[in-house]
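S.K.: Below: sequence and its predicted model.
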Amino acid sequence: MRDDLLVQLQEWHEEDEFQEIVDAIQAIPVEERDYELVNHLGRALNNLERYEEAVEQFLTVAKEGTGDPLWHYRIGLAYYYLEQYAHALQAFERADELDPEDEDTLEFLEWIRSKMAEKPTEESVEESVDESVSNHPSVSEISTAPFSISHLEPTVFWNDSAEAVDQYVLAPPTDGQIESVEEQLVFKLPTSYINMMKLHNGGVPHYRYFPVSQAEAAKKVRVEIAAILGIGREKAHSLGGEVGSRFIIEQEGYPEIGVVVCECSSDSEVVMLDYRESGNAGEPEVVHVDKNENYKITWLAPNFETFIQGLLNEENQPAKLQGSL
């Protein structure tokens, strides 16, 4: 039955019947869709120019797609047409590493680099200056650099309501404070996380939803976070605070696999940096842990930066970058 479906999906693709593909796959329960079916769905959504939906689908199979150049190519194409050029560049560069000299990949890389090298208009420069703070990179630096967390637009990514700032946001951490908190936690924090906290130390994001890999999903198809904990001890909701990572692990019985980095909307769930594979000083993976499901651990992302890049807002849109053209 499945083989017949795959043949039919390919026939529809060759006949440009992309909506037929979408309808057929969406009729299958989410938990029964495997990597190949999700890729067919994402490709069809790309062809229908429904790029935001395509990104969301591709992110649900990010773990399986790590070594697949076609997965990187297809999500890169969606990012390109969403004008998320830094995301697109990262995806196509990885596709080129996995399948060198593919002509279509090289063509997209040329287009993306050309777009990113274009001089910003006066209007876009003025908007970026108005929204930035003194320690953010300049527009010219952002427009030609690869994606990094420092490229997120803080005023768009973070929800700096009075309550959120009061409970979660701290002053940027010093190197000494970072070392002290790492010593307390017994884990070395990821560089991408530290860099993000130096720009905005903890808080409540507008981008709170992360799609769960189809291979990992049971009932849950996405995780909803409530806040990202900052580096410090001054506030209760910080890594070293009174109700921070160690408190949550010790008082709530969460597994001793690393650091609680995000509170979730449900009190029985957290997002953690998982050091089981990397060791205490390595690059941790990101996982979701559900206390109500006997502390079920669900893999989310290979590292913190990929996790942040994959967060979506309520409209299922990825985080906006500074300097996007």
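M.R.: Done, it's in. Numbers count the residues shown, from 1 in each chain.

S.K.: so where's the stretch 1-150 of the chain uncertain?
M.R.: Within the stretch 1-150 of the chain, the stretches with pLDDT under 70 are 1, 119-150.

S.K.: Now for Val223: which residues touch it?
M.R.: Contact analysis of Val223 by Cβ atoms under 8 Å, 6 or more residues apart in numbering lists Tyr209, Phe210, Val212, Cys264, Glu269, Val271, His288, Thr298, Leu300. For the C-beta atoms, the positions are set from N, CA and C on the backbone; glycine is no exception.

S.K.: The residues you listed: which two are farthest apart?
M.R.: Tyr209 and Thr298 (14.2 Å; Cβ to Cβ).

S.K.: residues touching Pro69, list them.
M.R.: Contacts of Pro69 (Cβ under 8 Å, 6+ apart): Arg94, Ala95, Asp96, Leu98, Asp99, Asp102, Thr105.

S.K.: For the residues you listed, could you give me a markdown table that also reports neighbour count, secondary structure and distance to Glu293?
M.R.: A markdown table is the format used below for those (neighbours: other Cβ atoms under 10 Å; DSSP: H, G, I helix; E, B strand; the rest coil; distance: Cβ to Cβ, whole Å):
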| residue | neighbour count | secondary structure | distance to Glu293 |
| --- | --- | --- | --- |
| Arg94 | 21 | helix | 33 |
| Ala95 | 26 | helix | 35 |
| Asp96 | 19 | helix | 40 |
| Leu98 | 16 | helix | 34 |
| Asp99 | 15 | coil | 38 |
| Asp102 | 17 | coil | 41 |
| Thr105 | 24 | helix | 40 |
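
S.K.: quick one: terminal-to-terminal distance for stretch 184-204?
M.R.: Criterion Cα to Cα, to the nearest Å; first-to-last residue distance in stretch 184-204 is 24 Å.

S.K.: Okay, buried residues for it please.
M.R.: 185, 187-190, 192-194, 196-204 (16 or more other Cβ atoms under 10 Å).

S.K.: again with stretch 248-260
M.R.: So stretch 248-260, judged by 16+ other Cβ under 10 Å, has buried residues Ile248, Ile249, Tyr254, Ile257, Gly258, Val259, Val260.

S.K.: I appreciate the help and will end here.
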